[in-house]
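K.L.:
quick check, what structure comes out for this input:
(4 chains)
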There are 2 protein chains.
Amino acid sequence: MNLAIGDLSRRTGVKIPTIRYYEQIGLLPSPVRTEGQQRRYGPAEVRRLNFIRHARELGFEVDAIRQLLGLADDPNRCCGEAHEITKAHLDEINDKIARLTALRDELETMVACDNRRVSECRIIEVLADHGQCQHHQH
Amino acid sequence: MNLAIGDLSRRTGVKIPTIRYYEQIGLLPSPVRTEGQQRRYGPAEVRRLNFIRHARELGFEVDAIRQLLGLADDPNRCCGEAHEITKAHLDEINDKIARLTALRDELETMVACDNRRVSECRIIEVLADHGQCQHHQH
DNA sequence: CTACAACCTCTAGCGGTTAGAGGTTCAAGA
DNA sequence: TCTTGAACCTCTAACCGCTAGAGGTTGTAG
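P.N.:
The predicted structure is shown next:
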């Protein structure tokens, strides 16, 4: 298996400029090159890039991924660290879900609105109020 | 109530440069100024900025926020429009909730991991394996 | 051996912010 | 009233995580 960057891209679903970008910021190691300076990749890179892509899809920031990859690279290290990173991320997501759900409920009652003028419209009212009271809980 | 930009920042949790940026892109109206060109804000701006911040935290793009705010600014517009926009956002929100929930479930099984060694760690495993097979469904 | 798709580097852009430099204003205390 | 210093001003440039394009080179299939 000796993949050009386009093959790697197709295999992982990561766009070519993004792959080069990941290399540049040190997420992916510099691969071997042909005589003419073209990148060639092996199975290890496919695995690593898939890992990266999946983690990004889960919303991990590049820094977090770097940490996770560091852990994965050192199979003797304690797992607690990965646990911690993931837990923090999970908390953030739960928070977002809660707030989105609150907003949705509010919007849902609003959609019942059928007035002719915005001046009497619940939608606008609720949005304004929502902004107003939100920062108390933060 | 005659707030300087720093006061507004503290009241809303939006950083000062961000407030100026919002003004620049037209999300916030240009406020009144003192003789010496310093910005002064009133309660309307506090409300508006709180709304913006809240919407941004929930992942709405600036353009979407502009639309919603635009409705609120024009009380003579037909409510049907607000209705439509709100409905669109409701769909968006429901979509977001669904995706975040899926994400959370995945992360939650991951944090169940309490191994001492990374080599046996579910988190790393899931990211690696999942990455491997993920792109087929995309 | 040629054609041309795919690669290369480099620069610059995106949205949404944030940070810094270098200078001015406001307001509280002497 | 004057002085100090925190807070403000504008402007430019950086940040993240990509993405796009220009302009040139390489690899490979026919």
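
K.L.:
any stretches of chain A with poor pLDDT?
P.N.:
A:75-80, A:106-107, A:109-138 (pLDDT under 70).

K.L.:
I'd like to know which elements the longest helix anywhere in it is packed against.
P.N.:
Longest helix of chain A, by residue count under DSSP state H: helix A:80-110. On a contact count with 3 or more C-beta pairs under 8 Å, 6 or more residues apart in numbering or on different chains; DSSP states H and E, helix A:80-110 meets helix A:62-73, helix A:122-134, helix B:79-111, helix B:122-134. For the C-beta atoms, the positions are set from N, CA and C on the backbone; glycine is no exception.

K.L.:
the third one versus helix B:62-73: what angle between them?
P.N.:
Okay, so that is helix B:79-111. 140 degrees (axes from the mean of the first three to the mean of the last three C-alpha atoms, to 10 degrees).

K.L.:
list the helices and strands the host helix or strand of A:Glu23 packs on?
P.N.:
Element membership for A:Glu23 (DSSP states H and E) is helix A:16-24. Judged by 3+ C-beta pairs under 8 Å, 6+ apart, the packing partners of helix A:16-24 are helix A:5-12, helix A:43-57.

K.L.:
residues contacting A:Met1?
P.N.:
By C-beta atoms under 8 Å, 6 or more residues apart in numbering or on different chains, the contact list for A:Met1 reads A:42-43.

K.L.:
measure it to DNA strand C for me?
P.N.:
Computed with C-beta to the nearest atom of the strand, to the nearest Å, the distance linking A:Met1 and DNA strand C is 14 Å.

K.L.:
check which element follows the helix holding A:Glu23 along the chain.
P.N.:
strand A:32-33.

K.L.:
might one say that A:Ile16 is in contact with A:Ser9?
P.N.:
Yes: A:Ile16 lies in contact with A:Ser9 (C-beta atoms under 8 Å); the separation is 4.9 Å.

K.L.:
between those two, which is the more surrounded one?
P.N.:
A:Ser9 (18 against 14; other C-beta atoms under 10 Å in any protein chain shown).

K.L.:
need the contact list for that one.
P.N.:
By C-beta under 8 Å, 6+ apart, the contact set of A:Ser9 is A:15-16, A:19.

K.L.:
apply 10 Å and report the result again.
P.N.:
A:3, A:15-19, A:41, A:49 (C-beta atoms under 10 Å, 6 or more residues apart in numbering or on different chains).
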